[in-house]
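Participant: need coordinates for the below:
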Amino acid sequence: MPSSKTPLRLTQFAQGGGCACKIPPGELDGLLAGLVGDAAPDLLVGLATGDDAAVVRIDGDTAVVATADFFTPVVDDPYDWGRIAAANALSDVYAMGGRPLVAVNLLGWPRDKLPVDLIREVLRGGADIARLAGCHLAGGHSIDDPEPKYGMAVTGIADARRLLRNDAGRPGDPLTLTKPLGLGVLNNRHKRTGEVFAHAIDTMTTLNRAAAAAALAAGACCATDITGFGLLGHLHKLARGSAVTAVLDAAAVPYLEGARSSARDGYVPGGSRRNLDWVAPHADLSLVSETERLLLADAQTSGGLLVAGEVPGYPVVGELVPRREDLTIIVR
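Facilitator: Next comes the predicted model:
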């Protein structure tokens, strides 16, 4: 085992990285088919549309939001990994229109491969992000694991009358994206070359708190966060759940610096290719190149919100229209 003073790269101790290590969406759809879960009236958001978190009404208009998210290292620096994983876990609460209240750590660590004192840096990163979010962090659970994994289980609170759901989109709603794409290809490039992309880390550690507040203030009732299934994957779920078709303006979608060149140079993660394979049968992608398709399907880690509604200060990238045959997405 390397000592804590030996330079090491956390990303080399995991097969995948970040949200790109999710179970492929098409496979997950099959696994969850027929599992409807609890049908109690106080369960406001459950399994039906694969939303970002569960929501339960507890008293009048007060609802509890519950979620969990963890993944393998997406960057080599343990402190930054902790920050990114925490911001990503908290994002599910913001994506429902909620406010995180308390979180607990989820940690897997290969004790025979990695120095255990690195755990402190991972947890310190998570704690700093929780503190920034005003979310209590209290305890958690850890296991000895063949791969390093970190994340959080988060409980939040929301107004049951003002949720951001992924099945509440309506024809005529514009589509707003609150963070640029390209995190998957940049993270994969980092894993393969060791290059550090500070602007990607800044993006992944930025909370979606302000974006969610702006969406609610603008009167939005439909949103999702863009993570491992990419923009196309999460947009497909939103359009499918809302029984509409999304028309996406490819030229309006913002990207991080270096994302396009990294995609052209072959740094597309396997998760992004699986996302595209899943969505392609339900989308008209004929007007964009293969590279553009892969970037739109790029597996994001701690990405932004996709909001059905215009949110001041963020770019509009498309609109929702009445359902068109079996298509959920048309890219122009």
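Participant: assumed Thr245 was part of a helix.
Facilitator: No: counting by DSSP: H, G, I helix; E, B strand; the rest coil, Thr245 falls outside a helix, being strand.
Participant: got a pLDDT number for the closest residue to it other than its chain neighbours?
Facilitator: Spatial nearest neighbour of Thr245, excluding adjacent residues (CB to CB, 6 or more residues apart in numbering): Arg324 at 4.5 Å. Just so you know, the C-beta spots here come from the backbone N, C-alpha and C atoms, and that holds for glycine as well. Arg324 carries a pLDDT value of 94.
Participant: for Arg324, name its beta-bridge partners.
Facilitator: Leu327 (DSSP bridges).
Participant: what's the burial count for it?
Facilitator: By other CB atoms under 10 Å, 13 other residues sit near Arg324.
Participant: right, and it touches Ala283 too?
Facilitator: No: contact criterion CB atoms under 8 Å: Arg324 and Ala283 do not qualify, at 11.0 Å.
Participant: quickly list what's touching both of the two.
Facilitator: Common contacts of Arg324 and Ala283 (CB atoms under 8 Å, 6 or more residues apart in numbering): Ile330.
Participant: domains of the protein: list them as residue ranges, please.
Facilitator: The chain breaks down by automatic domain parsing into domains covering 10-159, 174-331.
Participant: I'd like the average pLDDT over the helix or strand harbouring Ile84.
Facilitator: Using DSSP states H and E, Ile84 sits in helix 78-95. Helix 78-95 shows a mean pLDDT of 98.
Participant: I'd like to know which elements the first helix or strand past it going along the chain is packed against.
Facilitator: With elements assigned by DSSP H and E, the helix or strand that comes after helix 78-95 is strand 99-109. Strand 99-109 is packed against strand 62-71, helix 78-95, helix 118-133, strand 136-144, strand 149-159, with contacts defined by 3 or more CB pairs under 8 Å, 6 or more residues apart in numbering; DSSP states H and E.
Participant: quick one: strand 99-109 to helix 118-133, angle?
Facilitator: Interaxial angle of strand 99-109 relative to helix 118-133 (axes from the mean of the first three to the mean of the last three CA atoms, to 10 degrees): 170 degrees.
Participant: now the residue nearest to Thr245: how far from Pro281?
Facilitator: Separation of Arg324 from Pro281 (CB to CB, to the nearest Å): 14 Å.
Participant: one more: Thr11?
Facilitator: Distance from Thr11 to Pro281, counting by CB to CB: 32 Å.
Participant: same check on Ile143?
Facilitator: Separation of Ile143 from Pro281 (CB to CB) stands at 38 Å.
Participant: do Val185 as well
Facilitator: Relative to Pro281, Val185 is positioned 23 Å away (CB to CB).
Participant: ditto for Leu28
Facilitator: According to CB to CB, Leu28 stands 16 Å off from Pro281.
Participant: and Gly60, by the same measure?
Facilitator: Plainly put, Gly60 is 43 Å away from Pro281 if you go by CB to CB.
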